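**Q** Prediction below, plus the sequence it came from.
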There are 2 protein chains.
Amino acid sequence: MEAASLYIGMDLGGTTFKALALTAEGTIVGRIQQDTQAARGPQVVVQRMIDALRQLQGETEADTHRLAAVGFGVPGILDLPEGIIRRSPNLPGWEGFNLRTALKQHLNLPIAIENDANAAVVGEMWLGAGRGTRHFIMLTLGTGVGGGVIVEGKIVHGVRGYGGELGHTVVDPNGHPCGCGSQGCLEQYASGTAIARLAEPHYGKVTARDVAEAAQRGEPPALEVYRQVGHYLGIACASFANMLNPECIAIGGGAANAFPLFIDALQASMRQRAFAEVCASVRVVHAQCGNDAGGFGAAYQALHYGSV
Amino acid sequence: MEAASLYIGMDLGGTTFKALALTAEGTIVGRIQQDTQAARGPQVVVQRMIDALRQLQGETEADTHRLAAVGFGVPGILDLPEGIIRRSPNLPGWEGFNLRTALKQHLNLPIAIENDANAAVVGEMWLGAGRGTRHFIMLTLGTGVGGGVIVEGKIVHGVRGYGGELGHTVVDPNGHPCGCGSQGCLEQYASGTAIARLAEPHYGKVTARDVAEAAQRGEPPALEVYRQVGHYLGIACASFANMLNPECIAIGGGAANAFPLFIDALQASMRQRAFAEVCASVRVVHAQCGNDAGGFGAAYQALHYGSV
């Protein structure tokens, strides 16, 4: 019997990196997680990722399984044709680093490099809320708001790979200033950071989790914060849906654990603003893959688009 | 010598329909235009289009050219998998009409059906401002604002074919009511209708052309209207560019004849709001194909995606 292929998806974050080993069918056969130690610079981190990959490979390969390709989900603005990290707030000092070249020096296997938010969208399409869909959008509500767009089963990269920055869709042209230099970005109304800020007049310095707990206890100011979050998410989803007519929009990330607190306001606002036909063809759902989405998606990209 | 293939692109409007006969290289070899007579109902209009196609076929086919496929650009919300017109303000009474079935009864050739705004985007990619690009967006500023998105060289239909309604992107959540039921849609700030409305406090009842002429004479209120138009277009373009990282955004339609009057404000607003890397990879240009864009695109879709 020929050995089955394994695919490793590596999700690189500023604090930790996580790798999942998967079969082509999406069954998890192993995982590893380590500190990134980003301050030691890109060459050290690449070596650490390679060492972890080798360890995971040793643990999962067998007579019946052979590692076939590796995918990397990387935070920041990646120039995909070049394999270069243009800018990454979570990986200071990596600007201009050619990740593809560095990885190829260590790995004699097909590799795929993907923005981490886009990898999470792909993972969610493959093994989560977007399973079976070919026109899919995901928003990830974390410290910021990430996202990505899938058209005909493929993540939309655009011309340089910068596509998918849905958190920087303008939802209020005169709204709250955003770290990106714009103002009124979706990120300023739907991230964990924004939820804490919106609650501050009522609760002082709190976290999004505190606000969610207050809302779950039925406290009106906290419920109102989530109504606002849903309102702005619905505005953005209406624009996305009118533009792309997706089958499914998934909302993930830590702040989406409060999904039941904002979905009604989201749906009301989306339905008021998007075409009836467009609304009738789209489901808005809670993402399912949690923190594994990025690793799943990185492995999927390796499986389908990995190149030596 | 084998006969070269010809493709006819039909652009169906509420008042007239226009058909262009093209070679596979995009050379125009003939054209025809007739009144739609929409009030006589879909079956009559289909028969009129078929008669016109036959006439154009007779004028352009020869020993060296043979009609190979026909594409149709149709206004309204089309269910593409079914070939059904769901809703079309310009073709009253066509709701639920199965255009694909009706056309197939008359034409024993591969056909393609496309929303008219999306057909114009495809035409502009093939033979106009988007030539050579594979990640392309166009906005058409007419009575309303139409548009479409091209990803990897293909128009984005979404799951039912409703994709591309860029004019109903929300640019101000508390903005002017829109005919679609939402408010603050781009269409309310960048269509010919909107330009006339924005000018009304200064000029009374005027057309967008009157406003453009006043601006060309240097009149401050008219210049300010176009500055506003550019401002809102820039907000929408920033969101589109952050999401899709296109190479080129083209602005077409009658109201875009005033392109020089709003491009500076558009660029300033887009550059303030979109990522620097995203801005660096996108050109914003005036569309080039004028009224032929829709026919070009319908022919292109017939050439590449026509089916019997």
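**A** Yes, it's here. Residues are numbered from 1 along each chain as shown, chains lettered A, B, ... in the order given.
**Q** what sits against the closest residue to chain B within the stretch 201-308 of chain A?
**A** Here the stretch 201-308 of chain A gets closest to chain B at one residue, A:Asn245, 2.3 Å apart by C-beta to the nearest C-beta. C-beta: built from backbone N, CA, C; applies to glycine. Contact analysis of A:Asn245 by C-beta atoms under 8 Å, 6 or more residues apart in numbering or on different chains lists A:His135, A:Val278, A:Ser281, A:Val282, B:Val156, B:His157, B:Gly158, B:Val159, B:Arg160, B:Gly161, B:Tyr162, B:Gly163.
**Q** distance of the fourth one from B:Ile77?
**A** If I follow you right, that is A:Val282. Distance of A:Val282 to B:Ile77, given as C-beta to C-beta, to the nearest Å: 14 Å.
**Q** Looking only at neighbour counts, state which of the two leads.
**A** A direct count of neighbours by other C-beta atoms under 10 Å in any protein chain shown for A:Val282 and B:Ile77 places A:Val282 higher, at 25 against 22.
**Q** average model confidence for stretch A:84-104?
**A** Averaging pLDDT along stretch A:84-104 yields 94.
**Q** cool, and stretch A:278-292?
**A** In the prediction, stretch A:278-292 has an average pLDDT of 97.
**Q** before we move on, what SS does A:Pro246 have?
**A** At A:Pro246 the chain is in coil, as set by DSSP: H, G, I helix; E, B strand; the rest coil.
**Q** from memory it sits against A:Val282, does it?
**A** Yes: A:Pro246 is in contact with A:Val282 according to C-beta atoms under 8 Å; the separation is 5.7 Å.
**Q** Can you mark which positions in the helix or strand hosting A:Arg66 are buried?
**A** Assessed by DSSP states H and E, A:Arg66 sits inside strand A:65-74. By neighbour count with 16 or more other C-beta atoms under 10 Å in any protein chain shown, strand A:65-74 contains the buried residues A:His65, A:Leu67, A:Ala68, A:Ala69, A:Val70, A:Gly71, A:Phe72, A:Gly73, A:Val74.
**Q** just checking, what packs against that strand?
**A** Contact analysis of strand A:65-74 by 3 or more C-beta pairs under 8 Å, 6 or more residues apart in numbering or on different chains; DSSP states H and E lists strand A:4-12, helix A:42-60, helix A:99-106, strand A:111-115, helix A:116-127, helix A:293-305 as its packing neighbours.
**Q** at 10 Å what do you get?
**A** Judged by 3 or more C-beta pairs under 10 Å, 6 or more residues apart in numbering or on different chains; DSSP states H and E, strand A:65-74 is in contact with strand A:4-12, strand A:16-23, helix A:42-60, helix A:99-106, strand A:111-115, helix A:116-127, helix A:293-305.
**Q** how about CSV for the ones you listed, with mean neighbour count and distance to A:Ile235 added?
**A** CSV is the format used below for the helices and strands packed on strand A:65-74 (neighbours: other C-beta atoms under 10 Å in any protein chain shown; distance: least, C-beta to C-beta, whole Å):
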stretch, mean neighbour count, distance to A:Ile235
strand A:4-12, 26, 30
strand A:16-23, 22, 33
helix A:42-60, 17, 38
helix A:99-106, 17, 35
strand A:111-115, 27, 24
helix A:116-127, 29, 20
helix A:293-305, 28, 24
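**Q** My understanding was that A:Cys185 contacts A:His168; is that so?
**A** Yes: A contact is recorded between A:Cys185 and A:His168 when judged using C-beta atoms under 10 Å, the distance being 4.6 Å.
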